[in-house]
Every structure is written in C-alpha cells, then in structure tokens.
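# what follows is a predicted structure for the sequence shown.
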Amino acid sequence: MIELKTIEKTYGSGDTATPVLKGISFRIQAGEYVALMGASGTGKSTLMNIVGCLDKPTGGQYQLDGADAGTLDDNALSHLRNQKIGFVFQQFHLLERTTALKNVMLPLIYSEPYPEDAEQRAEKALTAVGLNDRMYYRPGELSGGQQQRVAIARALITNPQIILADEPTGNLDSKSGLEILAIFKRLHRDGHTIIIVTHNEEVAEHADRVIVLKDGKIEQDRRVAQPRDAEKEVDERIGREDAE
Amino acid sequence: MKLSRNLALSCEILAAQKLRTLLSVTGIVVGVGAVVLIVSAGRGAEKKILDRIRDMGTNLIVVNAGQTRIIAGRQRQIATVTTLKADDAEAIARQCPSVALAAPAISKKLATRYESENANTNVVGMTPEGFHVRNIAIASGRSFDPEENRAQRRVAILGPTVVENLFDGADPTGLRIRIGRVPFEVVGVTAPKGMDANGVDQDDLIIVPLGTAMRRLFNVTHIQTIYVQARSAELLNTGEKEIRELLRQRHRLRDKPDDFTIQNQATLVDTERETTRSMTFLISSVAGISLVVGGIGILAVMLISVRERTGEIGLRRAVGARRSDIRTQFLLESGLLAAVGGLVGVLGGVGAALAVSMLGYWETVISWPAALIGFAFSVFVGIVFGIYPAIRAAALEPIEALRAE
C-alpha cells in the first residue's frame, strides 16, 4: 500500500541546507494502524506531508498504491489526495462560516463527477461520527471534540483507503481525545489504513504498530502486542459514569 | 471542480462577512450608479433638445441672410445683409424640386403698447405659409390669409407671453394695439411652444403679414430669413444643396462667398446630439474612473481575504483542490463581489434617475444599454483586479498554507 525507500528531505540548498529526513524506509500494508512518533523537530510532520502527497521528497522513492508519487504532477497529486487520503488535523481546519454538513461535503466539490447523493453521503458520514443532531451547526457552535468529529467525517466522505491524522487529539481533553481514538479504532476495524502522527505515548498505545523517528531516521519500528481498545474504554467509562 | 457548488459555498462565505463585502463593493456601486444616472440624465437632456428642435418645424431648412455665427450659444447675424428678398423665397418654392414650402420672414424688437401697458416684443413679419412651416398653431381667433398679406393689412397675431404682458391674460381678439406708432388689430393668439433649443421664449412674439412688416414697420425691401419645408426628412440635405445653388445664381455670386447661411434640421439635430453625447461621455468617463477605483477596493479586500483564508486554501488543497481550482475560486469570488456591486449600482442609478425625473429636477431617460455596459464593466473590473489575488492564492504551497493557521 505505502512503500517508502530511503526517503530524504532537505530544506534549502548549499551552505544553508538543512536535512530533515535522512533515508527513511518502511512499508505499511493496507488495513494497518500505525502511530508515527517522535519529539518535535524529528521530521515526523514532514514525513506525514510526504506520505499525504502534500510535499515531495528530495530523495528516495515513494510508492502509493503502486504509483510512484515522485513522478506525479501537482494535479495528479491533488487527485490522489482527494480519492485515497483523508486528512485529520490537530487544528481541525474547518470552514468557520458554513455548516458542519457543508464542511463535510467540501472534498466532493473536487471530485469528478460530483456525486448526486453528496448531501446524503455527508449526512451518513456525520451520523457515523455521532453528530446526526448537529449537521446544521457551524464550527463555532460545536465543542472541540465535535469539531474534530466533523473533520473525521470530512476525511471519510470520499471513502479513502488511508486516514492520515496529525496530532488529532492534541487540542482535546482526554475524554474527547479518547472518543476520537474510539472512532479511529472502529474505522480500522472497518478496514481503513490509519496513520496517526503523535508525540503522546498514550495515543500511540492504541495503534498496532509504532514507528519512532529520531533526527530524521527511524529509531524504532515495533509491533504493539496488546493495543489499547479505545472503543471498549469509552464504553467502560460511560458505564462508570452511569453507575455514579 | 463543480463550479456551481463552489460558487454557492463562496456566496455563503462572503455573505457571512456582510460589512466587509459591502465596503469592498462601495466603489463599484457608486461608479456604476453614477454612470447610469449621468447617462440617463444626458439622454434626458438630449431628448429635450431634440424635441425643441423638432418643435421648430417639420423637415425644416432655415436660410438666413448673411453669414451667421454662434455667439454665446445663439445664432447671430454678423452684419446686416440686404441681398435676401421675398422673391428668393418664391423662387425656392417654385424651382427647387425637394422643397414643399418656403416662407420669407423678417423680425425686429419693437415697442408695443395696449392702453397703458408697454412691452418690447419680437415682431415677426411672415407669409401665411410660415405658420405651417414653423409649426405655429393658432389657439384662438384666426391667422391671416394671402390676400391680407398682399394688401399689407394691419392685423396681428400674438404669442401667449405677449397676451400675458399686455392684456394680463385676457382674450385680446378684436382689440387694437400699437406696434411702434402703427395701430394693429389683434386677430388671433398662437398656441404656447415654450423655449427653443437655445432657451429663448418662443411665445414672446407678434406675427404680422410680411408686407405689412416690411413697408409699414421696418421700411425695408429685404428680408432676413426664409423658412423652408422639404418634402421629406430624406430630402433635407438635397434641398439644402438646391437652395444654395439657386441663391448663388440669383445673387450672382460667381466666385464670391455665400451671402446667406443655410441650416437644416438634420444637421442641427446631429450637432446637438453630438454635443450632448460628448458631454455625457465625458462625465460618465469620470464616473467610469471611479469604477476602476472600485476595482482597487476589490483588489485590497481580496488580498486580505487570501491572507486571512490561507488555512482554508491549505485545507482545500489537502482535500484535493488543484491550483487551478483555487485560482478559479478566488476569481469567481472577486467577480461575484463586483457583480453584486454592479447590480446594486444599476438599481441605485436607475432609482436615482427615476427619482430625479419624478421630483421634477431633470427629465431623465433610463439608458438600459448604459446599465448593461456598467454592469458588464464592473464584472470585468472585478475579475481583472481579482487575477493577482487569485494567482497569489493558487501559488501557496499546501503545507505552508496549512501551517499558517
């Protein structure tokens, strides 16, 4: 699915050249749940941008679903992002001036052909993240956790194979964060490939596999023997609250 | 990209910032509104002047003695020329095939008196054909006939202004007035005509038979003007040529310049129309400049918008927008802003023109072509001034744009 071969990324050139990624190679199979970890400045965001086709590496080869991303032009990369990748950002990145429903429908504007059932699909996606009663709210009228769920619904609308989440719980309290992770868990169970970029160990514990970056290189690539199950934890928490 | 879907979203985003949207299009609104109002007012003025020219007579050609020159907006005779005779008018009517009627006339300001009331009035001597050629209608009483003209009878027909001045508006028919020292019988009153194209009151006149005026009042053998009616509007220019040839021949001018001046209604209409049009064009060009200034307003707001919505641009790129999609979106938005401004401007301009008309300040004729051109131009301005911000927006790198928020 995703295959990186000695990926390098250097900003600037000549004397001021700053290498950020220094030969990263890994492979992610379809349906994996991967946490990409590392302290800030280790290049994990740069790596995510490359994986998400938002940025191009300066060296190495990146294959996404059999296509060499390095040889694709800007338009083709835009098309790839639209069809194969769903982004979830730390800052949600919702359009403030329109409704949750319209926000979710946004990627469809750039899909050809525009689906006839765009609105029903958006409603379905919002229902799937538990926001069926908030469809016509604007982002400002929603809590942080709800906004992030709108963003997840938006990432799902084109039914992409890969969900790329950059610190998705970074701006949320632990309860909302757990709810978001529960949604990722379910998406993973449904067959999506999930890649979460985080510096938080606790978040990484939910993934099947953890890749740790240090100084632009892979320091560790391990399987998690017993990943935490956010879905179950949320259920337990609700149970506890009910008991109290 | 589904254009209409994106446009709907852009509308929503722009509508959410009402004040800014309003401010950004003010220049366009004022520019388009001013163009529409000015052109409508100009067309109103043009209509008024053309109506007045038409009031002068139907298919009219005017022959004046001597060279005339426009001084302070009015046609004036430079020197007294005595070569034009009543016979010339007869010859024109007889010999020029394009001519239907020719009416000789002479006029002069004279003191007139009724009992103790005095007034200085333009006294016009002319033949009965003159009424027809000059579109002068009789409101009450009667005109005079060719017999009275030949017999040099002392009969007078008064304009409404004279009736007002000498008789306080009472019916003067049958009463006696004095023109200079000569007594006249009032036989009729003309219908009011208002002002002519130069703003001269056409109702302040007394008409008497031509022979009477020449012999009994002015004591001259020449005339000043021949009013000629051509057989049709198409024959105005031909008629003018025929008259010129005939008069040059009759006056034995050979290589000397004309001792008369000919004007026909068609050229007069053209001249006046050109004058008002160039005036209207001049003023509306100034208004058009404010449209361009309005475009700068849109440029400024769109640049701010691109900066402010960097995150949005990054997001749109992340979810699959191509550079060209972003460019199109911002072009559409600036075009949309300008179109809204243009529409409001057209409505405002038309409304103002109607209001000015209805309140009676100035007759206006709504110019829909000007409204359409104004609207189209504002959209054009919006798109032109939107190009630079749109290029800036499209040039943003997605990751940098995302990071900006």
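Sure, I can see it. Numbering: from 1, shown residues only, chains lettered A, B, ... in the order given.

# just the pLDDT at the closest residue to A:Val234 other than its chain neighbours, thanks.
The shortest distance from A:Val234 to any non-neighbouring residue, by Cβ to Cβ, 6 or more residues apart in numbering or on different chains, is to A:Ala182 (4.6 Å). Every residue, glycine included, has its C-beta placed from N, CA and C. A:Ala182 carries a pLDDT value of 94.

# so A:Ala182 is in which element?
A:Ala182 belongs to helix A:174-189 when assigned by DSSP states H and E.

# give me the contact list for that helix.
Residues external to helix A:174-189 that are found in contact with it (Cβ atoms under 8 Å, 6 or more residues apart in numbering or on different chains): A:31, A:33, A:129, A:143-145, A:148-149, A:152, A:156, A:163, A:165, A:168-169, A:172, A:194, A:196, A:203, A:206, A:229-231, A:233-234, A:237.

# go with 7 Å
Applying Cβ atoms under 7 Å, 6 or more residues apart in numbering or on different chains, the external contacts of helix A:174-189 come out as A:33, A:129, A:144-145, A:148-149, A:152, A:163, A:168-169, A:172, A:194, A:196, A:203, A:206, A:229-231, A:233-234.

# of those, which belong to helices?
Using DSSP state H, the subset of the contacts of helix A:174-189 located in helices is A:144-145, A:148-149, A:152, A:203, A:230-231, A:233-234.

# gap between the longest helix along chain B and the chain center?
Counting by DSSP H, the longest helix found in chain B is helix B:265-308. From the chain centre to the centre of helix B:265-308 is a distance of 19 Å (Cα atoms, centre = their mean, to the nearest Å).

# got it, and stretch B:248-255?
On Cα atoms, centre = their mean, the centre of stretch B:248-255 falls 37 Å from that of its chain.

# how about A:Val212, what does it touch?
Contacts for A:Val212 were tallied using Cβ under 7 Å, 6+ apart; they are A:37-38, A:219-220.

# hmm, B:Ile61 is touching B:Gly239, no?
Yes. Between B:Ile61 and B:Gly239 there is a contact at 5.5 Å, judged by Cβ atoms under 7 Å.

# would the helix or strand containing B:Phe330 count as contacting chain A?
Under the criterion of DSSP H and E, B:Phe330 resides in helix B:323-358. Yes. For helix B:323-358, a contact with chain A is found by Cβ under 7 Å from any Cβ of the partner chain, at B:323, B:325.

# packing partners for that helix?
The contact analysis (3 or more Cβ pairs under 7 Å, 6 or more residues apart in numbering or on different chains; DSSP states H and E) places helix B:323-358 against helix B:3-16, helix B:18-55, helix B:265-308, helix B:310-318, helix B:368-395.

# what packs against the third one?
The one in question is helix B:265-308. helix B:18-55, helix B:236-250, helix B:323-358, helix B:368-395.

# just the pLDDT at the nearest residue to B:Asn64 once chain neighbours are set aside, thanks.
Nearest non-adjacent residue to B:Asn64, counting by Cβ to Cβ, 6+ apart: B:Thr261, 4.6 Å away. Note on B:Thr261: pLDDT of 88.

# ok, which stretches of chain A are strands?
Shown for chain A, the strands assigned by DSSP state E span residues A:2-11, A:18-28, A:33-37, A:59-64, A:67-68, A:85-88, A:162-166, A:193-198, A:209-214, A:217-223.

# now B:Asn165, nearest residue through space, not along the chain?
Distances taken as Cβ to Cβ, 6+ apart put B:Ala119 closest to B:Asn165, at 4.3 Å, once the chain neighbours are dropped.
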